[in-house]
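Engineer: Sequence plus predicted model, see below.
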Amino acid sequence: MGLCQPARQLLAEAHRVAVELGDKKAVSRSLLSLAVLACEEQNYAQALILLDTARALGGVEEFWYQLTLTTVRAVVGQRDPDAHIKVNQIIKHSCGALKRVLEQRVNRVPEISFFITSLEMRGAIECVRALGGDPGETLNSSETTQRLMSACETLRESASGFTQLGFREHAAEAHVECAAAQRLLARRASAADRQRFLLDGLSHMQLAVTEQEHVALNAQRLLPSQDESPGLSLAATRRLLRLRLALAEFSLAIMEEHCAEEKRQALARERKTPAEVALQEFTRCIPEPDSVEQEWVTVGSTSGQLALGQLAAVRSLSPDSLESRARCLSLMGKYLRLLAEQEEPLYLCTLWDSHTQKEARSDPKAIPAEQNSEEDGESSRRKQRVTPAKSAELQQRRRRAQQLLAQASQALTEAVSLCLQHQLPLPILAEASLNMLECHGQSDPAEAGQYLALFQSCCTVASVAEVLGCACSGSGVSQFSALLNLHRMLLLSQEERPSSMLKGVQDSLNSLSKAFSHLTIYPGHLHILAELPPNLKIVLLQHSEDGSELFGAFYEMNRAPNQKGKTTQGTGSLTCSKVAKVSVCPRALLALREQIRAFDQEMRHGLLKHACWHAAEGGAQPSEQHRVFPRKAAAEEMLGPHFREIVENMDDYLKPLLTKFDFSCLRPQITPVPVPEMTKARDKEEKGSSVKLPAEAGEYVVLLADRKLLELPLEALSILQEESLNSVSRDFSLQLLHSRLIRVEPNKVESDNKKDTKGGKGTKGKGDQSQTIKVIPVSHALPSNTFPVDMRHLKYIVDHHNEGTFDGTSLSKRMKEILETHSQHCTHLWEGFMGSTGTPSLSEVEQLLCGCSAFIYLGMERFMANIPPAKLTALSLCECRLVLLFDVVQNNASVLRQSSLDKHKSAGQLDLEKPLQTALLLSLGGVGSIVLSQWHSSIQQNTHNLAHVLDNLLRVRQTSGQSIQALRRGDRSATPQHKVTGSYDPAPLTDSKEDDDVHHQLILTPSTFNCILYGLPNLIVS
């Protein structure tokens, strides 16, 4: 660990000596070891080259076995879409060769049989992982299902073969992988098949525990007793504990499936009369003996006790392990919650809205038309058949369920506390948070909202780990990448915590980059809401792990009325006012994501085709205004119907959840402040100050959604089209939003001018700049709950490849015009690279990003193509509060240049250059707000957006969120929508509802919602 460089030097020396001696076997072994080392450093391309060279030299049976495993690891590590096909071919070829050798080497049957069985198991594991996919990617084709079932059969045979050969530890691993595959099949199968797959999976988990028990007992027999060697921890025993916990979790999954069935049956009985219930009981079929149904009933009645037995064994064998204790508490809390659900299923239904119990797995749009009339009839029939004795029994069962939920909450609270205090693995914290959410439901929205936000933060951290792992896959790119890979290897090999080496690596990573801090959950996460600006309105949307349920929450300020009966915005803090849950169809979400990807490609091809046509046409057109907007209308006329269809489907997907919330606070209030007082106050402000004051900050809507939903144009949702909305922005999680609030001292920002950058436009000497900065005063009238951005330290990169020519002008000329327009706002102090002044080097790009308070990129292709993701993750960008990216534009020249660069990049590296991943990487560095485009745009549209955003920020003095919202509305006058008291201007209320609907249809175009804002919506120019 951490000794890759010395190991490489020793192996290189061994290879050199073997070559000089002419020992081919030694040469091949040294090359194989170098390939393994390259895989450890995630340099898979180099590993494959070394493996090809070693394969040509050959070796003994063990050499071919290790060579095959290393080749599979390298192929999988490259993350190609067809990697599992290549792996299958490699495994088949190697197993065939070893089987031929087995016929000749009779005296080595056990060893070679182990090699063959191990390779077959590895091939089956990779097949299962490749076919797993996202929750929406169901096993529609029979071929895919058959392949997965074939992999299960291979794993079952591998486990049996390992047991016969005496390799019980490998047999346990094969059983665990087979159980995981069976669970994957159950998740995507019908009800009858689901029971069979879950039962098979449980059987394999029990066999895995049995096999590992034999391994642990054999190891303990070789050592002194615990009395003679206290505190001794064996690797076999630790693996046994993990398998026991996995078995307990699998048992609870079966128990949860039974609870879901009982809940559906209880809801169905509630809709029937007593006669119908009696008839159903009389005609109910009893399961046949030894059938799957009978086994399912039997296992369901004992699954809870099986889980309790495994948890008791873990607690007795590992009383001092915090991780085991937290895991046991989490599973115990889940068991108690499910026990409460078995006790009184209908009471658990009342914790959530009754509409959420409707099954929507097949079609989320399917809502019965006669639902209301049926419910009225059902309620009357329910009242008629409730007798006093039955009512008392129901009350007793409800009290018992409440007690069990209270006990579950206590255990889960302790588990969450342990995870937050000691930074235990995130899956434990995520599971405990989700179970706490289920325990509270809508009975306590404030508590439920806290744990839903915590669950989303855990999911976001998992996404961050995935993105950082892909960005920093090469250890040689930066010191941060090397340490991050070392940290990953330590976590994989470390079975007991804490470790001094692991702690040292974590401290080094924290000192190098802010990105690493986002891999853990903030210990004070449950108190984050109190630290956020109270004028935020947060809408949280988060899917469950399997994508079958969608959770939502609405956070707003807990307003306190004053003596005059008005609501004050200066008191109270953010709290969750409502939580909700609905069942959704994962395939519907997958279809939506595929639609938006297809739309992006259509937009890209359409704009590129038009750019090529215009370049071939040549000649300047008469007027720029007549050049831009007719083309914009023509492009949107072609793609507008597709975009509106996506928005309609997105509305239909989210409507069942969003209709459960009261968003009346987002609409204009009917009782504004009297007009004479407002007029007097306005006149007084205009007379008392000659400097234009910024627009007072109103309330801002922030969308916190999971990564799959963030791929959609959420800003186009119908509930967010109110004219009174001041801002609509988005972010990844509550923790990431809170991390953006970390402020930087002004002195630290001013010191960044010491860094030199060349190619700046109209820049002065450093002495003149510092002198000018001292003269300009900071605005003294900033709205409350806003954060200032010093635009004097803005840096930019504008068309540094000099490819952005259009309509007789260029991006550089347009940028110069914009700078001249806002010359009174210190644009002469801005520095950067523009056009033919020179292409910035990588180090100069890093200096611009690290030494600025705001950054603008206006150019062709993608911004992330200018800086490797591994380099960006190593930068600390806390001083950069605002980033404006106007990229994803193409023409002939840019496509030719970028395509030659992209052919050397992997699919994972290209994914990191997409808008969503770009926003996440910049957010990890500490950027406060990021403005970028969701899909491809045109040069004209980007220059138009940049000009208006800068005008709204600098001249009108709007906040970052207001500027983007005004851009969506085409509001060039930028009249403030909110007053100081938070009431709305009554003027917009004079419009009729029909006019509002017409206006909504007019702005529902792709270009309107292309420019979006991630992060803080309340940044304002100081």
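Structural biologist: Noted; the coordinates are in hand. Numbering: from 1, shown residues only.

Engineer: Val19 is in contact with Ser28, isn't it?
Structural biologist: No: between Val19 and Ser28 there is no contact under C-beta atoms under 8 Å: 11.1 Å. No exception for glycine: its C-beta is placed from N, CA and C like everyone else's.

Engineer: quick one, helices of the stretch 751-900 of the chain?
Structural biologist: 766-775, 811-821, 842-850, 869-873, 892-902 (DSSP state H, counting those that start in this stretch).

Engineer: Mind listing what's buried along the last one?
Structural biologist: Read that as helix 892-902. For helix 892-902, the neighbour count (16 or more other C-beta atoms under 10 Å) marks Ala893, Ser894, Val895, Gln898 as buried.

Engineer: hang on, isn't the third one packed against Leu608?
Structural biologist: Yes: A contact is recorded between Val895 and Leu608 when judged using C-beta under 8 Å, the distance being 6.9 Å.

Engineer: contacting residues around Leu884?
Structural biologist: Shown in contact with Leu884 (C-beta atoms under 8 Å, 6 or more residues apart in numbering): Ala854, Phe855, Ile856, Tyr857, Val931, Leu946, Val949.

Engineer: would you list the residues you listed in JSON lines and tack on pLDDT?
Structural biologist: Output for those, formatted as JSON lines (pLDDT from 0 to 100):
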{"residue": "Ala854", "pLDDT": "94"}
{"residue": "Phe855", "pLDDT": "95"}
{"residue": "Ile856", "pLDDT": "95"}
{"residue": "Tyr857", "pLDDT": "94"}
{"residue": "Val931", "pLDDT": "96"}
{"residue": "Leu946", "pLDDT": "93"}
{"residue": "Val949", "pLDDT": "94"}
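
Engineer: what number of residues lie near Ala189?
Structural biologist: 18 (other C-beta atoms under 10 Å).

Engineer: Tell me the spacing between it and Leu202.
Structural biologist: Using C-beta to C-beta, to the nearest Å, we find Ala189 at a distance of 15 Å from Leu202.

Engineer: And for Thr809?
Structural biologist: In terms of C-beta to C-beta, Thr809 sits 69 Å off from Leu202.

Engineer: next one: Leu426
Structural biologist: Leu426 is 26 Å from Leu202, by C-beta to C-beta.

Engineer: Could you do Gln42 as well?
Structural biologist: For Gln42, the distance to Leu202 - C-beta to C-beta - is 36 Å.

Engineer: ditto for Phe661
Structural biologist: For Phe661, the distance to Leu202 - C-beta to C-beta - is 39 Å.

Engineer: Identify, out of the helices of the stretch 751-900 of the chain, the most deeply packed stretch.
Structural biologist: helix 869-873 (a mean of 23; mean count of other C-beta atoms under 10 Å).

Engineer: Please name every helix or strand in contact with it.
Structural biologist: helix 445-471, helix 479-493, helix 842-850, helix 915-925 (3 or more C-beta pairs under 8 Å, 6 or more residues apart in numbering; DSSP states H and E).

Engineer: Looking at those helices, which is nearest to Ser938?
Structural biologist: helix 915-925 (15.9 Å; C-beta to C-beta).

Engineer: moving C-terminal of the closest one, what's the next helix or strand?
Structural biologist: strand 929-933 (DSSP states H and E).

Engineer: In terms of pLDDT, where does Leu339 sit?
Structural biologist: What the model reports for Leu339 is a pLDDT of 94.

Engineer: what packs against the host helix or strand of it?
Structural biologist: Under the criterion DSSP H and E, the helix or strand holding Leu339 is helix 322-343. Packing partners of helix 322-343 (3+ C-beta pairs under 8 Å, 6+ apart): helix 235-270, helix 292-317, helix 345-350, helix 388-422, helix 426-440.

Engineer: Okay, angle between that helix and helix 426-440 too, please.
Structural biologist: Per axes from the mean of the first three to the mean of the last three C-alpha atoms, to 10 degrees, the angle that helix 322-343 makes with helix 426-440 is 30 degrees.

Engineer: Helix 322-343: how far from the chain's middle?
Structural biologist: Its chain's average C-alpha position is 26 Å from that of helix 322-343, according to C-alpha atoms, centre = their mean, to the nearest Å.

Engineer: More neighbours: Thr809 and Leu202, which one.
Structural biologist: Between Thr809 and Leu202, counted using other C-beta under 10 Å, Leu202 has the larger neighbour count: 21 against 15.

Engineer: which residues does the nearest residue to the more buried one once chain neighbours are set aside contact?
Structural biologist: The shortest distance from Leu202 to any non-neighbouring residue, by C-beta to C-beta, 6 or more residues apart in numbering, is to Phe250 (5.8 Å). By C-beta under 8 Å, 6+ apart, the contact list for Phe250 reads Ala179, Arg183, Gly201, Leu202, Met205.

Engineer: just the angle between whichever helix or strand the first one is part of and helix 235-270, please?
Structural biologist: Of the helices and strands defined by DSSP H and E, Ala179 is found in helix 168-187. In this structure, helix 168-187 runs at an angle of 20 degrees to helix 235-270, with the same axes, to 10 degrees as the basis.

Engineer: how far is helix 168-187 from where the chain is centred?
Structural biologist: That offset, for helix 168-187, works out to 27 Å (C-alpha atoms, centre = their mean).

Engineer: Would you tell me which one of the helices and strands packed on helix 869-873 is buried the most?
Structural biologist: Using mean count of other C-beta under 10 Å, helix 915-925 ranks as the most buried of the helices and strands packed on helix 869-873, with a mean of 24.

Engineer: Can I get that one in CSV, CA atoms only?
Structural biologist: This file holds the C-alpha atoms of helix 915-925, laid out as CSV (Å, rounded to 0.1, in the frame of the first residue of the first chain):
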residue,chain,number,x,y,z
PRO,A,915,-23.1,19.4,-18.3
LEU,A,916,-24.3,17.5,-15.3
GLN,A,917,-20.9,16.1,-14.5
THR,A,918,-19.3,19.4,-15.2
ALA,A,919,-21.6,21.1,-12.7
LEU,A,920,-20.8,18.4,-10.1
LEU,A,921,-17.0,18.6,-10.5
LEU,A,922,-17.1,22.4,-10.2
SER,A,923,-19.3,22.1,-7.1
LEU,A,924,-16.9,19.7,-5.5
GLY,A,925,-14.2,22.4,-5.8
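
Engineer: relative orientation of it and strand 929-933 in degrees?
Structural biologist: Using the same axes, to 10 degrees: helix 915-925 against strand 929-933 is 170 degrees.

Engineer: ok now helix 915-925, how far from the chain's centre?
Structural biologist: Distance, centroid of helix 915-925 to centroid of chain: 11 Å (C-alpha atoms, centre = their mean).

Engineer: who wins for proximity to Ser330 among the helices and strands packed on helix 869-873?
Structural biologist: Shortest distance between Ser330 and the helices and strands packed on helix 869-873, using C-beta to C-beta, is found for helix 445-471: 12.3 Å.

Engineer: Let me know the angle separating that closest one from helix 388-422.
Structural biologist: Using the same axes, to 10 degrees, helix 445-471 lies at 40 degrees relative to helix 388-422.

Engineer: could the buried residues of helix 892-902 go into JSON lines alongside distance to Tyr653 and pLDDT?
Structural biologist: Output for the buried residues of helix 892-902, formatted as JSON lines (distance: C-beta to C-beta, whole Å; pLDDT from 0 to 100):
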{"residue": "Ala893", "distance to Tyr653": "40", "pLDDT": "84"}
{"residue": "Ser894", "distance to Tyr653": "35", "pLDDT": "85"}
{"residue": "Val895", "distance to Tyr653": "34", "pLDDT": "86"}
{"residue": "Gln898", "distance to Tyr653": "34", "pLDDT": "86"}
